[in-house]
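Colleague: Please find the sequence and the predicted model below.
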Amino acid sequence: MALYGAIEGGGTKFICGVGNEEGAILDFISIPTTTPEETLGQAMAYFAGKGIEAIGIGTFGPIDVNPSSPAYGSVTKTPKPHWSGYDLIGHVKKHLDLPIGFDTDVNAAALGETVWGAAKGLSSCLYLTIGTGIGGGAVVEGKMVHGLTHPEMGHISVRRHPEDTYEGFCPFHSDCLEGLAAGPAVEKRWGKKAYELDASHDAWRFQSYYVAQALVNYILILSPEKIILGGGVMNQAHLFPLIRAEVQRLLNGYVYHPAVLEHIDDYIVKPGLGDKAGLSGALALAIRAAEQRK
Ligand SMILES: Nc1ncnc2c1ncn2[C@@H]1O[C@H](COP(=O)(O)OP(=O)(O)OP(=O)(O)O)[C@@H](O)[C@H]1O
Ligand SMILES: [Zn+2]
């Protein structure tokens with residue numbers, strides 16, 4: 001069976017793996033994210049001699065995902081030191097003469113989930129990660145959503161909880177969704193690590209208030225057939241029922257579909273691919289890139 005390379009590029013680590021078209025990850029390594037040359041140098045050394053047919057890259061952004069743009073495949077303007085403007089695809093091409101699939105980590109994860117995971121068999125799904133930041137990706141009618149650039153679902157505006165006095169930490173918008181509900185916001189607001197807050201803590205009432213508002217907006221705009229919530233903060237599994245109930249409260253019967261009205265436990269779910277959603281998504285990107293070359 002043919003082998004494919006996958007890279008999940010994150011702010012703290014790059015995970016590189018080799019898998020097959022059944023979605024099996026046969027091997028992977030984790031490389032710390034330092035400078036682009038150092039990190040990608042190690043990644044390219046890993047793939048050398050592995051016999052892969054194509055490579056998929058799902059990465060943190062913002063990135064240029066427009067194939068007709070001169071900067072396609074590069075990181076665009078980011079506050080992250082060393083990475084602004086870096087040509088990721090250019091680096092990979094110097095080492096591997098293969099079809100390359102390229103997208104955001106979250107668009108890749110959404111794709112992987114529709115191919116092998118919780119949204120298998122569906123033509124749409126939304127994947128939201130709530131970690132150090134908040135990022136969302138979506139597949140609609142079988143394709144990742146792109147436009148002017150790529151979606152930036154973490155930075156939407158949400159209504160403030162009336163009891164919340166925390167100013168928010170987003171350097172661009174202060175109290176956007178990410179500024180109020182990513183892991184660092186929870187920790188700064190309460191002065192404790194998120195995993196130290198027990199299930200009855202007010203933190204989770206605030207958290208579900210914000211995340212549910214975001215999901216309601218995504219539901220109303222994109223109408224995804226499945227919503228998948230990943231990222232470190234969602235390890236707090238008790239958030240799922242809180243978020244589902246709040247989504248139903250906010251929609252108030254308006255989206256008249258059994259998925260939302262009756263089967264919401266099966267509509268807003270954790271990743272079917274677990275902590276491999278991003279890497280499997282990159283694998284799915286590689287397979288798509290190989291198919292498009294044919
Ligand atoms: N068990 C947990 N409970 C609550 N919060 C957690 C838990 N584990 C990690 N977090 C929080 O999640 C954040 C890290 O998220 P994650 O593990 O998804 O890493 P990440 O890849 O750096 O995030 P990002 O996708 O934004 O780059 C931290 O703010 C951390 O406090
Ligand atoms: Zn923001």
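Modeller: That came in fine, so what should we check first? Numbering: from 1, shown residues only. Ligands and ions are numbered 1, 2, ... in the order given.
Colleague: where does T114 land in three-state SS?
Modeller: The three-state label for T114, taken from DSSP: H, G, I helix; E, B strand; the rest coil, comes out as helix.
Colleague: all helices of the stretch 51-200 of the chain, in order?
Modeller: With DSSP state H, counting those that start in this stretch as the definition, the stretch 51-200 of the chain shows helices at residue ranges 88-95, 105-116, 177-181, 183-190.
Colleague: any idea which of these is most buried?
Modeller: Per residue and on average, the most neighbours among those fall to helix 105-116, with a mean of 29 (mean count of other CB atoms under 10 Å). Yep, even glycine has a C-beta here, placed from its N, CA and C like the rest.
Colleague: quick one: average confidence on that one?
Modeller: Looking at helix 105-116 alone, the average pLDDT works out to 98.
Colleague: returning to what we had before: out of the helices of the stretch 51-200 of the chain, which is closest to ligand 2?
Modeller: Across the helices of the stretch 51-200 of the chain, ligand 2 has its closest neighbour in helix 177-181 (5.0 Å, CB to the ion).
Colleague: Show me what that closest one is packed against.
Modeller: strand 134-140, helix 202-222 (3 or more CB pairs under 8 Å, 6 or more residues apart in numbering; DSSP states H and E).
Colleague: Quickly compare those and say which is most buried.
Modeller: Sort the helices and strands packed on helix 177-181 by mean neighbour count, taking mean count of other CB under 10 Å, and strand 134-140 sits at the top with a mean of 26.
Colleague: In the sheet, which strands lie alongside that one, parallel or antiparallel?
Modeller: Using DSSP bridges, the neighbouring strands of strand 134-140 in the sheet come out as strand 125-130 (antiparallel), strand 143-144 (antiparallel).
Colleague: and L40, helix, strand or coil?
Modeller: Secondary structure state of L40, per three-state DSSP, is helix.
Colleague: how about K276, secondary structure?
Modeller: State at K276, reduced to three classes by three-state DSSP: helix.
Colleague: is it true that it touches G19?
Modeller: No: applying CB atoms under 8 Å, one finds K276 not in contact with G19, separated by 9.4 Å.
Colleague: okay, and the common contacts of these two?
Modeller: Counting by CB atoms under 8 Å, 6 or more residues apart in numbering, the residues touching both K276 and G19 are I25.
Colleague: Do me a favour and get the end-to-end distance for stretch 227-234?
Modeller: With CA to CA, to the nearest Å as the measure, stretch 227-234 spans 13 Å from end to end.
Colleague: Can you pull out the residues in contact with that stretch?
Modeller: 109-110, 113, 117-119, 125-132, 134, 181-183, 186, 194, 207, 211, 215, 218-219, 239-240, 243, 267-272, 275, 277.
Colleague: Show me what the one helix or strand L285 maps to is packed against.
Modeller: Assigned by DSSP states H and E, L285 belongs to helix 277-293. Contacts of helix 277-293 with other secondary structure elements, assessed using 3+ CB pairs under 8 Å, 6+ apart, are made with strand 3-9, strand 13-20, strand 25-32, strand 55-59, strand 100-104, helix 105-116.
Colleague: need the ones you listed in CSV with distance to ligand 2, can you?
Modeller: Formatted as CSV, the entries for these read as follows, by distance: least, CB to the ion, whole Å:
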stretch, distance to ligand 2
strand 3-9, 20
strand 13-20, 23
strand 25-32, 26
strand 55-59, 19
strand 100-104, 16
helix 105-116, 15
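Colleague: possible to save these as JSON lines with distance to ligand 1?
Modeller: Written out in JSON lines, the entries for the helices and strands packed on helix 277-293 read as follows (distance: least, CB to the nearest ligand atom, whole Å):
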{"stretch": "strand 3-9", "distance to ligand 1": "9"}
{"stretch": "strand 13-20", "distance to ligand 1": "8"}
{"stretch": "strand 25-32", "distance to ligand 1": "11"}
{"stretch": "strand 55-59", "distance to ligand 1": "11"}
{"stretch": "strand 100-104", "distance to ligand 1": "11"}
{"stretch": "helix 105-116", "distance to ligand 1": "7"}
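Colleague: Turn those into CSV, columns for distance to S200.
Modeller: Formatted as CSV, these follow (distance: least, CB to CB, whole Å):
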stretch, distance to S200
strand 3-9, 34
strand 13-20, 33
strand 25-32, 35
strand 55-59, 36
strand 100-104, 35
helix 105-116, 30
